[in-house]
Every structure is written in structure tokens, then in C-alpha cells.
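> A structural model of the following input is requested.
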Amino acid sequence: MLELAILGFLYDSPLHGYELRKRITALTGHVRPVAESTLYPAIKRLEKAGLLARATQPGSVAAPRHVLTLTEEGKRQLRRRLAEPAQRDITDENRWFTVLAFLRHLEDPAAQATVLRRRLAFLEEPASFFYEGERPLRAEELDDPFRRGILTIARATSRAELEWLRTTLGSLAGIGR
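Modelled structure (predicted):
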């Protein structure tokens, strides 16, 4: 997801590494803080693959800065990753938020709707964090107030997301006509 976030933010505008790290941290930092030791090797991999380019600009106070821009191949790669996210990108909430943050770069409303329908199908499946055998447990079935809290919060979040997904899918269907 780090690479997707790098490509997504650079699709918006060229950035230097520090600013890119700040934006990625704002998106995912509460769950997965981005260390320089993780970010810069990812940038180098993407640069080596021809997905982004680096240019040196003079620094206003300090040393020159490297500004990163997305290449045309980088833009194609981002759109491909958004159009065909892995199943884990659909089912893992934090990965899903990264996909969702950049889905607007997939300009075809039908392609956007396809990705949203995959998430909708996932959310409509019965699930729980806790099971009795193969049967998912509901909040009302738990004596533990903390586990009941997890399920209550998750249910409210899922309901809000389901409502948003259905409304957005309806809007995208109207655009495609």
C-alpha cells in the first residue's frame, strides 16, 4: 500500500520526499507510521522501475531537494492498481482506505463502480471478529462488554459505509448514462 500511496500522491502533484512522507503519514500514520527507512527504498524501487522521476531543485535555506514526479508509466501503473486491487486491498480496512483515497484517478465511472461493488459484496457477507465454531457471533450474544463494544462499533461503521457505497454507486450509475 505504500507504493500505491506514493503513486497516488505524486499523481496529484510533484513532491519532495519529506512532503510525501507527511502526506502518507496523514493518510495511514495512525495505523502504520511511515519510517524513512521504509519510504526511501520504496521510492528507489519505483524510480528504478521507471514509475517516477527525480529532479534536483535548489533549497530555499538548506541543501538542494529532490522533487519526485510521476512518469506516464507511473500514472498507468496507478490506474491499473486501482482498477484491479487485490482481494486483500478490498477486505482490509486500512488498505481499502488507501485505495479509496486515490480512486478518483480511475476516471471511468464504470471502473470505479466495479471496485466499489467488490467492497459492497465483501461488507454484505456475514462476518464477525468472534465465532462460535463457524457461526459469526453478534454483539448481543456476548457477555464481555469490550468485545460487545468492538462489534457494536464495527456494525455502526459498516452501516455507514454500506450507505455511502450504495449512494455513491447510484451516483456513478447516473454519470455513466
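> pLDDT score assigned to the nearest residue to residue 20 once chain neighbours are set aside?
What sits nearest to residue 20 in space, not counting adjacent residues and going by Cβ to Cβ, 6 or more residues apart in numbering, is residue 9, at 5.8 Å. The way it works is simple: take the backbone N, C-alpha and C, and place the C-beta from them, glycine included. Residue 9 is assigned a pLDDT of 96 by the prediction.
> which residues touch residue 9?
Shown in contact with residue 9 (Cβ atoms under 8 Å, 6 or more residues apart in numbering): 15, 20, 23-24.
> care to break this structure down by domain?
Following automatic domain parsing, one gets these domains for the chain: 1-83, 108-177.
> need the winner for burial among those domains.
domain 1-83 (a mean of 16; mean count of other Cβ atoms under 10 Å).
> quick one: that one to chain centroid distance?
15 Å (Cα atoms, centre = their mean, to the nearest Å).
> distance between the ends of that domain?
For domain 1-83, the first and last residues are 14 Å from each other (Cα to Cα, to the nearest Å).
> specify the beta-bridge partners of the spatially closest residue to residue 54 that is not a sequence neighbour.
Leaving aside its sequence neighbours, residue 54 sits nearest to residue 66 (Cβ to Cβ, 6+ apart; 4.9 Å). Beta bridges link residue 66 to residue 56 when assigned by DSSP bridges.
> out of the contacts of residue 9, which sit inside strands?
Counting by DSSP state E, the contacts of residue 9 place residue 15 in strands.
> nearest to residue 158 among the contacts of residue 9?
residue 24 (26.0 Å; Cβ to Cβ).
> quick revisit: ok, now which ones touch the residue nearest to residue 54?
16-17, 54-57.
> swap in residue 106?
By Cβ under 8 Å, 6+ apart, the contact set of residue 106 is 79, 82-83, 112, 115.
> quick one: pLDDT of it?
94.
> looking at the chain, which helix is longest?
helix 145-175 (DSSP state H).
> now for that helix, which elements pack on it?
helix 109-124 (3 or more Cβ pairs under 8 Å, 6 or more residues apart in numbering; DSSP states H and E).
> one more time with 10 Å, if that's ok
Counting by 3 or more Cβ pairs under 10 Å, 6 or more residues apart in numbering; DSSP states H and E, the packing neighbours recorded for helix 145-175 are helix 93-102, helix 109-124.
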